[in-house]
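>>> need a structure here:
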Amino acid sequence: MPRAPRFDLKLDSKGTLERQWLEPEERLVDWIPQWKLPSFEGIPKPPWTLEQVARRTAKIAWLTLAWIVGSVVLLIVLSFIAEGLSGADGGSGGGKKLKGPNVVLRGQGRESVMGRMVTPKLRERGLWVFTDRRLAFVVVEGRIYGKFLSGSGKPSEFARPVPVRTVLEVRDTHYEFEGDVDRLRRTRILRRFKPAGVYRRITFADGSGVDLRRYR
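Below you'll find the predicted structure:
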């Protein structure tokens, strides 16, 4: 039996959520892929599980080997390119890309409403989903494209339903959607504040909450 295709968090999520995850008459507002932990403000990051540590160690070892091999290949390619290039004019890029995080979890310590929802499962690859009824973090089981390869090509065709697991879910009766807010980010070196982008702000009763970067 052929293996199921890899899941693309950018291309395959919308169709999968609409077919398998949404409730009747529920409307999908936005979905944000996650390959690593979101940003935390006032809340400690979740601890690692032993399984996550083992996977992380194996990944680092593999990436180190790939980096060594890739560096050698890159040096060879660059040497050929350098020989064939005679000076070229540099061009300036288009608009500036805002560098704010996709998701920000806000709170006042681990005992805040948002802080109590933080678990090691939030370290998994998945989707932050916002609908007209709920906020959720959803994990897609199985093979998933990494961030670098995600978004290229066409959506995959799956012969059977894709296993989807809801890690975190909050109904709209337990939060207030405050609308769009402009967030700032602080640069690492000069420590200056710059625009980070427009976010949808979701707030719980104690003031903690989630900011989702607006893409749609």
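>>> Let me see the contact set for residue 43.
Contact criterion Cβ atoms under 8 Å, 6 or more residues apart in numbering gives 105-107, 109-110, 112, 114-115, 118, 208 as the residues in contact with residue 43. All C-beta spots, glycine's among them, are computed from the backbone N, C-alpha and C.
>>> what do you get if the cut-off is 7 Å, keeping everything else the same?
Residue 43 makes contact with 105, 107, 109-110, 112, 114-115, 118, according to Cβ atoms under 7 Å, 6 or more residues apart in numbering.
>>> can you check residue 20 too?
When contacts are counted by Cβ under 7 Å, 6+ apart, residue 20 touches 161-162, 164.
>>> Let's see that with 6 Å instead.
For residue 20, the contact set (Cβ atoms under 6 Å, 6 or more residues apart in numbering) comprises 161, 164.
>>> and it, which of the three is it?
At residue 20, secondary structure determined by DSSP: H, G, I helix; E, B strand; the rest coil is helix.
>>> Work out for me the element the residue lying closest to residue 160 once chain neighbours are set aside sits within.
Taking Cβ to Cβ, 6 or more residues apart in numbering as the measure, residue 160 lies nearest to residue 4, with 7.5 Å between them; neighbours along the chain are not counted. Secondary-structure assignment from DSSP states H and E places residue 4 in no helical or strand segment.
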